[in-house]
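Trainee: just to be clear, the model below is a prediction. Sequence and coordinates:
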Amino acid sequence: MTQVYYTRDQLILAVLEELKVSAHGQVPSAEEWDKVDDSLDPVLTELSALKIVYVGDPNEIPVEMFNSLSQAVARQLCNGFSIPVDEADKMYRPENDPFSPESKLRAMRRSTGTYPPQRPDYM
């Protein structure tokens, strides 16, 4: 069965891998996990306020935006893991670049809604 959504835990693990804090398959420390977990909601709120992407439920992240979202969140958290902004720009391209994670998320937001289809209520 094809995976349609990713969860918050999978996003946290992907962010830690993007930041090169933990390798693929390696279990991150509880301290690193908590650092990302505590910062995730404010970062998602900021990305929504900047009209980059809206994630209604962090436990239902659409598969098509997962990689770009994990990179965008990693960029926001890089200072907390002692990664300078210049290094983050090298890793993910500058934010105003058309191929940066934020630009990709904006393009996805413009082309399709990031919400589930609405069902009409017939009387």
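Mentor: Now that the structure is in, tell me what you want to look at.

Trainee: all strands for this protein, in order.
Mentor: Under the criterion DSSP state E, the chain contains strands at 5-6, 61-62.

Trainee: report the mean per-residue pLDDT for the last one.
Mentor: If I follow you right, that is strand 61-62. Regarding strand 61-62, the rounded mean pLDDT is 90.

Trainee: which secondary structure elements does the lengthiest helix in the chain contact?
Mentor: When the chain is parsed with DSSP state H, its longest helix is helix 30-49. Helix 30-49 sits against helix 8-18, helix 66-77, with contacts defined as 3 or more CB pairs under 8 Å, 6 or more residues apart in numbering; DSSP states H and E. C-beta coordinates here come from the backbone N, C-alpha and C atoms, glycine included.

Trainee: just name the most buried of the ones you listed.
Mentor: Mean neighbour count (mean count of other CB atoms under 10 Å) peaks for helix 66-77 among those, with a mean of 22.

Trainee: just to revisit the earlier point, want to throw the strands of the chain into CSV with distance to Val36 and mean neighbour count?
Mentor: What follows is these, written out as CSV (distance: least, CB to CB, whole Å; neighbours: other CB atoms under 10 Å):
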stretch, distance to Val36, mean neighbour count
strand 5-6, 15, 16
strand 61-62, 14, 20
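
Trainee: give the contact list for Gly80.
Mentor: 35, 39 (CB atoms under 8 Å, 6 or more residues apart in numbering).

Trainee: ok, now how distant is it from Glu95?
Mentor: 18 Å (CB to CB, to the nearest Å).

Trainee: does Ala88 really touch Cys78, like I thought?
Mentor: Yes. Contact criterion CB atoms under 8 Å: Ala88 and Cys78 qualify, at 4.4 Å.

Trainee: still on that earlier bit, what residues sit buried inside the longest helix of the chain?
Mentor: Using 16 or more other CB atoms under 10 Å as the test for burial, helix 30-49 gives 32-33, 35-36, 39-40, 43-44, 47.
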